[in-house]
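# How does the following fold in three dimensions:
(chains A and B)
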Amino acid sequence: MRPIIETRGLTKAFRRFEKEPGLLGSVKSLFKREFSEKLAVSDFDLNVEPGEFVGLIGPNGAGKTTLVKMLTGIIAPTSGEIEVLGFWPNRLQNAFKRQYAVVMGQKSQLFFELTAADTFGLFKELYGISDENYKRNLNFFVELFDLKELLNVQVRSLSLGERMKMELVAALLHDPKLLFLDEPTIGLDAVAQRQMRLFLREVNEQKGTTILLTSHYMEDVLSLCKRSVVVGEGKKLYDGGTDALFRRFQKEEGEEIGLVVERIYAMGEKA
Amino acid sequence: MKKYFAIAKTAFKAQIVYRFDVAMTALGTLWKLLFAWILWGAIFQGQESVSGFDFGGMLGYYLVVSFLSSMDQSSGVSFELNERIRGGTFSKFMVLPASPQLQFMAQSLGASFYYALFALLAALLGALLFQIRMGFGAEPAALLCAFCLSALGLVFMVSYHFFVGLLAFKFQEINFFLHLQGNLIALATGAMLPLSLLPKTVLELLNLLPFSQVGYLPAMLLTGRAGLGEGLKGLLVLVLWTAAFLAANRLLYERLRVQYDGVGI
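Numbers count the residues shown, from 1 in each chain, chains lettered A, B, ... in the order given. Predicted coordinates:
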């Protein structure tokens, strides 16, 4: 079977504006701009097979979100090869965009002034979802998340946990083959995080949706992803079983996850 | 097409959520008219006409122009683009299976429809309050031409503001420029004052630009101060500019969006 995501030597370099501190530095920068180059993702090879649930782990600034942005076509790679669902993502063809969904914990696709049902109705038209599929999917997700009472409530007045559930429903209404999740449980309480995990597992198992998950909550990755990819300073440091990764860095049984994660993140410094 | 209609409908729904804002919107056209009544009332003291306008005619002009400018919500497009591109949330429009230009167009036209409803009510009330007798002396074809100019004008203005907003990909912060060009456009569309008050050469130059066809010309047609010939000439100018901007936007977007780094998300 052909991989759903395939990258070879994928690299993204950002040009960053820099200036000396203080007023003089600001005035100088008005006349002479100085830039530095930052390699956010470097020579990255990745293959993801259909139906996989892959965790993308790494400290802040490791390049995880940049990688997701390239895979979704939001930003263009500097060099390397990339193919997602058979497309070059940054061409942003509608045929490509209809096949994936992206949920970023700190960014919303919902209309805050309206109800979630209004956004769902809009997405039905945007993705050309048939009446039958729309009803079937909406019922499935509403039941799974117990959202019936919240559908006609203004999004602005929903709690963060309720809103994130709605974000996920909006993303999944069109039956995407591939789902990108960037910190979907950020800021959620323990109960909402658990519900979110149950929901994602159900979607992956029942619908066969391939999921690429980026999260700082290691419980998310441990309980959902059989496979993990560790990213550090833009490079791939590990690609393999999540259990094996944790066994490798766990020094004793029942050790706090945070300590294990610290060692995993330190992989990049040693490399 | 159906998806863009759905976007317009959603934008319309989002506009009518807050009742105080709905009431203020309805009053917007009346404020402008009241301002024109005070200002031009003072100017017309001691003189019968200014550049061919009597006081009633001038108020009639402002009534139409206020209605049209209330309906045009396109400036929001460039401000939103500037903010979203710089803040990194423009990606919301990139991942949806629809053209960003048409998404913004549908969004703006949906809002325009809302403003048109309330501005029309306010304009009718204003006509009664200020006892403005609209000329409507023009031939039906000229009135139809005014309608076409107004409708196409909305499309043009969105395409123009989309073009301006795209510059944020290149320059990142264009807020001051947006305010500056906003004032120039208010002048060039005739929203500030009838363009016939300007020197003839300036008017001739403005007639070659699209902005006067969006506000000034439809108002002149609707008040019976311009004929079908001028209307058709204006329509041709506007069609050409609109086609040019729509095409330029597609090219510019494809060229500039690769510079987008989506920071802040």
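# ok, now which ones touch the residue in chain B that chain A sits nearest to?
Using C-beta to the nearest C-beta, the closest approach of chain B to chain A is made by residue B:6 at 3.6 Å. Just so you know, the C-beta spots here come from the backbone N, C-alpha and C atoms, and that holds for glycine as well. Neighbouring residues of residue B:6 by C-beta atoms under 8 Å, 6 or more residues apart in numbering or on different chains: A:121, A:122, A:124, A:125, A:126.
# The residues you listed: which ones sit near chain B?
Checking these against chain B by C-beta under 8 Å from any C-beta of the partner chain, the ones in range are A:121, A:122, A:124, A:125, A:126.
# what about residue A:8, which SS state?
Secondary structure, DSSP: H, G, I helix; E, B strand; the rest coil: residue A:8 is strand.
# The one 4 residues further on too?
Each residue gets one of three states, and residue A:12 gets strand by three-state DSSP.
# so the closest residue to it other than its chain neighbours is in which element?
Excluding the flanking residues, the one nearest residue A:12 by C-beta to C-beta, 6 or more residues apart in numbering or on different chains is residue A:41, at 4.4 Å. Per DSSP states H and E: residue A:41 is located in strand A:34-48.
# for that strand, packing partners?
strand A:5-18, helix A:64-71, strand A:235-241 (3 or more C-beta pairs under 8 Å, 6 or more residues apart in numbering or on different chains; DSSP states H and E).
# Tell me the spacing between residue A:135 and chain B.
17 Å (C-beta to the nearest C-beta, to the nearest Å).
# How about the residues of the stretch 151-271 of chain A by chain B?
Going by C-beta under 8 Å from any C-beta, the residues of the stretch 151-271 of chain A near chain B are residue A:154.
# which stretches of the stretch 1-150 of chain A have low pLDDT?
Applying pLDDT under 70 to the stretch 1-150 of chain A flags no residue at all.
# With the stretch 151-271 of chain A instead?
If you take pLDDT under 70 as the line, the stretch 151-271 of chain A has these spans: A:268-271.
# Could I get the full set of helices for it?
A:160-172, A:190-207, A:218-224, A:242-249, A:257-270 (DSSP state H, counting those that start in this stretch).
# What's the local residue count around residue A:256?
9 (other C-beta atoms under 10 Å in any protein chain shown).
# My error: substitute residue B:191 in the last question.
21.
# returning to that earlier point: which one of the helices and strands packed on strand A:34-48 lies closest to residue B:256?
Evaluated over those, closeness to residue B:256 peaks at strand A:5-18, with 15.1 Å, by C-beta to C-beta.
# Other residues contacting that closest one?
Strand A:5-18 is contacted from outside by A:29, A:33-48, A:63, A:66-67, A:70-71, A:75, A:77-84, A:178, A:210, A:212, A:234, B:261, using C-beta under 8 Å, 6+ apart.
# Now, of those, which are buried?
A:39-42, A:44, A:46, A:48, A:63, A:66-67, A:70-71, A:75, A:77-78, A:80, A:82-84, A:178, A:210, A:212, A:234, B:261 (16 or more other C-beta atoms under 10 Å in any protein chain shown).
# Tell me which other helices or strands the helix or strand of chain B with the lowest mean pLDDT touches.
Here the helix or strand of chain B ranked lowest by mean pLDDT, DSSP states H and E is helix B:19-43, holding a mean of 82. Identification of packing neighbours for helix B:19-43 by 3+ C-beta pairs under 8 Å, 6+ apart yields helix B:55-71, helix B:100-129.
# Comparing these, which stretch has the densest surroundings?
helix B:55-71 (a mean of 24; mean count of other C-beta atoms under 10 Å in any protein chain shown).
# Name the next helix or strand following it along the chain.
Beyond helix B:55-71 on the C-terminal side, the first helix or strand identified by DSSP H and E is helix B:75-87.
# which residue does the stretch 151-271 of chain A bring closest to chain B?
residue A:154 (7.6 Å).
# Run the angle between the strand holding residue A:41 and strand A:5-18 for me.
170 degrees (axes from the mean of the first three to the mean of the last three C-alpha atoms, to 10 degrees).
# So in that sheet, which strands flank whatever helix or strand comes next after strand A:34-48, and in what orientation?
Using DSSP H and E, the helix or strand that follows strand A:34-48 in sequence is strand A:53-57. Applying DSSP bridges, strand A:53-57 is found paired with strand A:210-214 (parallel), strand A:227-232 (parallel).
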